[in-house]
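**Q** Return a 3D structure for these sequence lines:
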Amino acid sequence: MEVKEIWEKAKEELAVTVPTFKMWIEPLEAASFDGNMLTLITAHALAPQAVKSQHDAKILEALKNAYGKNISYNILFDEEFADRYQKEKKKELQKQKRTPIETDETRAMDNLAQMQSSANLNLKYKFSNFVVGENSRFAHAAAMTVAQNPAKKYNPLFIYGASGLGKTHLMQAIGHYIIFNKPKLKVKYIKTEEYFNELIKNLQTGGNDKTNRMDKFRQKYRNVDVLLIDDIQFLESKTYTMEEIFHTFDSLHNNNKQIVITSDRLPKDIPTLPDRLRTRFEMGLMVDITPPDFETRVAILKNLADMSGINAEFSVFEYIAKNYVNNVRELEGAFNKVSAYADIEKTELTFEFARKVLNCEAMKQEIGISEVAKAVGEYYGVSMADFLSSARNQRVSSARHVAVYMTREITQKSFESIAEFFKKKHTTMLYSYEKIRDELRTNKELESAVYEIRRGLEK
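**A** Residues are numbered from 1 along each chain as shown. This is a model prediction of the structure:
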């Protein structure tokens, strides 16, 4: 068999079995087949190590099926091939900008955009641009199952994980898939905080039509086929909202309507959540999303660059992926920053340029968790012993919340690492971070305090 024929046949199988196929496998090109050794060349310097470590067994199996017996393979980085590959990709991107490829999806976009308004969906969150890794494989599979067969399995579907890992993306992808493939079904997406604000507005507005307003509000969320509720942890301590959610849940579930919920923690870890709601959230399928591994982070960045039509050195993706490890939102923020700077300065997006803009090495060397905690403690008059104690008085508790928030923002450490330092639970650290993040939107005094502490750290 021709060497290219063997490899192309193997790739057909790998396209199904390897989640990051387009990132790592598709660019590999068969170069030679000497004895029992197939040599593949790659345009990515990291590929020989990454592919071998992650997909070795799957590649060997695919090669055996393609050739009829066991064969070995190796992967070599080829600079000439890399140069040619990058030029071809750049031409392809430029061509797509001039003549967009018409697909079934693009032909349906007009209709989708109209339906998006009533569903409250963001058009960018689709299955087609969600990068699946080991951290999200099960959650993605569950979400796709629900999208293909709403209310048949996994009802409710409860997706949980830390902020910025893709929960909202998966949830809204379900909505888009259903709108596109099952247009007769009515989909509604809502953030719990927005639901709460809308409920309060209807309750507080005066007049004799309060009952009618509340009836319309309830029917808005109960007369749907698929309800997507994001960030359910914001229900905490909101007694009346919990009551409304409870009755809405029962109404939908009893009528065989699909419910999808996201949260930053399990139902049992949401304080004050009543048992009748907790048990309902747990009655379907609960799946988690964890921080992506290095390979998946690189794939996410490459996918982001391709979608944006940005040409960057592969080493840029590696650099960002090595230094931003906590969530997808951080990755996107770092890449958007360097690409914006490159665009403003009219320069190529190279490794050295990204390193200069982000300066990750200096950030890591200069400030650690203890330094941040000490600075916050000095500002608020709280000792390190107070931070590490179980003290819950308002002064210590408030200062600790700020310390956790600033530690996360400045050091980019994981919530697990921060929790270990403060000798608290991971969920407690997450709560502290989100509390301060939300308060900073309206509390000018707090904003000033954070600014002063940070300025002192940077001197």
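
**Q** what about stretch 273-284, how long is it end to end?
**A** 17 Å (C-alpha to C-alpha, to the nearest Å).

**Q** so what's the residue nearest to Asn155 when sequence neighbours are not counted scoring on pLDDT?
**A** Distance criterion C-beta to C-beta, 6 or more residues apart in numbering; nearest residue to Asn155, sequence neighbours excluded, is Gly284 at 5.1 Å. (C-beta placed from N, C-alpha, C; glycine too.) Per-residue pLDDT puts Gly284 at 91.

**Q** now swap in Ala108 and tell me
**A** 43.

**Q** For the remainder of this discussion, apply numbering that starts at 48.
**A** Sure, I'll start counting at 48 from here, so that last one is Ala155.

**Q** Could you pull out the buried residues of stretch 278-288?
**A** Across stretch 278-288, burial judged by 16 or more other C-beta atoms under 10 Å covers 278-282, 285, 288.

**Q** Report the distance from it to the chain centre.
**A** Offset of stretch 278-288 from its chain centre (C-alpha atoms, centre = their mean, to the nearest Å): 23 Å.

**Q** List the contacts of it.
**A** Defining contact as C-beta atoms under 8 Å, 6 or more residues apart in numbering, one finds that stretch 278-288 is touched by 238-240, 242-243, 246, 250, 289, 292, 308-312, 317-320, 324, 328.

**Q** List buried residues within those.
**A** 238-239, 242-243, 246, 289, 292, 308-312, 317, 320, 324, 328.

**Q** Which of the residues you listed fall in strands?
**A** 238, 308-310 (DSSP state E).

**Q** Columns pLDDT and distance to Glu127 on top of those residues, output as a markdown table?
**A** Putting those into a markdown table (pLDDT from 0 to 100; distance: C-beta to C-beta, whole Å) gives the following:
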| residue | pLDDT | distance to Glu127 |
| --- | --- | --- |
| Lys238 | 91 | 50 |
| Ile308 | 95 | 51 |
| Thr309 | 94 | 46 |
| Ser310 | 92 | 50 |
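
**Q** As JSON lines, those with distance to Lys471 would be great.
**A** Formatted as JSON lines, these follow (distance: C-beta to C-beta, whole Å):
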{"residue": "Lys238", "distance to Lys471": "27"}
{"residue": "Ile308", "distance to Lys471": "26"}
{"residue": "Thr309", "distance to Lys471": "24"}
{"residue": "Ser310", "distance to Lys471": "19"}
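
**Q** The spatially closest residue to Ile279 that is not a sequence neighbour: what's it in contact with?
**A** Nearest residue to Ile279, sequence neighbours excluded (C-beta to C-beta, 6+ apart): Ser310, at 4.7 Å. Counting by C-beta under 8 Å, 6+ apart, Ser310 makes contact with 205-207, 278-280, 317.

**Q** domain assignment for this protein?
**A** Using automatic domain parsing, the domain parsing of the chain gives 50-132, 154-335, 341-404, 414-505.

**Q** Ok, which of those comes nearest Glu139?
**A** When those are compared by C-beta to C-beta, domain 341-404 sits nearest Glu139, at 9.5 Å.

**Q** chain center to the closest one, what's the gap?
**A** Centroid separation for domain 341-404 versus its chain: 16 Å, with C-alpha atoms, centre = their mean.

**Q** Looking at it now, give me its mean pLDDT.
**A** Computed over domain 341-404, the average pLDDT equals 86.

**Q** Moving C-terminal from the helix or strand where Lys56 lies, which element do we reach first?
**A** Here Lys56, judged by DSSP states H and E, is contained in helix 50-64. Using DSSP H and E, the helix or strand that directly follows helix 50-64 along the chain is strand 76-81.

**Q** ok, back up a step: generate JSON lines for the buried residues of stretch 278-288, with secondary structure, pLDDT and distance to Val63 as supplementary columns.
**A** Below are those laid out as JSON lines (DSSP: H, G, I helix; E, B strand; the rest coil; pLDDT from 0 to 100; distance: C-beta to C-beta, whole Å):
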{"residue": "Asp278", "secondary structure": "coil", "pLDDT": "91", "distance to Val63": "34"}
{"residue": "Ile279", "secondary structure": "helix", "pLDDT": "91", "distance to Val63": "34"}
{"residue": "Gln280", "secondary structure": "helix", "pLDDT": "89", "distance to Val63": "36"}
{"residue": "Phe281", "secondary structure": "helix", "pLDDT": "87", "distance to Val63": "39"}
{"residue": "Leu282", "secondary structure": "helix", "pLDDT": "86", "distance to Val63": "40"}
{"residue": "Lys285", "secondary structure": "coil", "pLDDT": "85", "distance to Val63": "45"}
{"residue": "Thr288", "secondary structure": "helix", "pLDDT": "90", "distance to Val63": "44"}
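
**Q** looking at the chain, which helix or strand is least sure?
**A** Sorting the helices and strands of the chain by mean pLDDT, DSSP states H and E puts helix 151-154 at the bottom, at a mean of 45.

**Q** can you pull the buried residues of stretch 60-70?
**A** For stretch 60-70, by 16+ other C-beta under 10 Å, it's 60-61, 65-67, 70.

**Q** Equivalent analysis for stretch 197-213, please.
**A** 197-198, 201-213.

**Q** And the residues you listed, which is closest to Phe469?
**A** Here the nearest of those to Phe469, counting by C-beta to C-beta, is Ala209; it sits at 16.4 Å.

**Q** what sits against the closest one?
**A** Ala209 neighbours (C-beta under 8 Å, 6+ apart): 311, 338, 373-374, 462, 477.

**Q** In terms of pLDDT, where does it sit?
**A** At Ala209, the pLDDT recorded in the model is 80.

**Q** any idea how far Ser479 is from Leu87?
**A** Distance, Leu87 to Ser479, using C-beta to C-beta, to the nearest Å: 48 Å.

**Q** whoops, I mixed them up, Gln266
**A** 38 Å.

**Q** neighbour count winner among those two?
**A** Ser479 (25 against 11; other C-beta atoms under 10 Å).

**Q** you'd agree the more buried one is in a helix?
**A** Yes. Ser479: assigned to a helix according to DSSP: H, G, I helix; E, B strand; the rest coil.

**Q** what residues are up against it?
**A** Residues in contact with Ser479 (C-beta under 8 Å, 6+ apart) are 447-448, 451-452.

**Q** same thing with Glu499?
**A** Glu499 neighbours (C-beta under 8 Å, 6+ apart): Tyr426.

**Q** do the same with Ala94
**A** 71, 74-75, 122, 124.

**Q** Run through the stretch 398-506 of the chain and note the low-pLDDT ranges.
**A** 408-413, 438, 505-506 (pLDDT under 70).

**Q** Which parts of it are helices?
**A** For the stretch 398-506 of the chain, the helices defined by DSSP state H, counting those that start in this stretch occupy 398-405, 407-413, 416-427, 431-435, 441-458, 462-469, 473-486, 491-505.

**Q** got the contact list for stretch 361-381?
**A** Residues contacting stretch 361-381 (C-beta under 8 Å, 6+ apart): 90-93, 209-213, 216, 338-339, 341, 344-345, 347-349, 351-352, 382, 385, 396-398, 400-402, 405, 407, 411, 459-462.

**Q** residue contacts, the residue nearest to Lys421 when sequence neighbours are not counted?
**A** Nearest-residue entry for Lys421: Met431, 6.7 Å, with adjacent residues in sequence omitted and distances by C-beta to C-beta, 6+ apart. Contacts for Met431 were tallied using C-beta under 8 Å, 6+ apart; they are 417, 420-421, 424.
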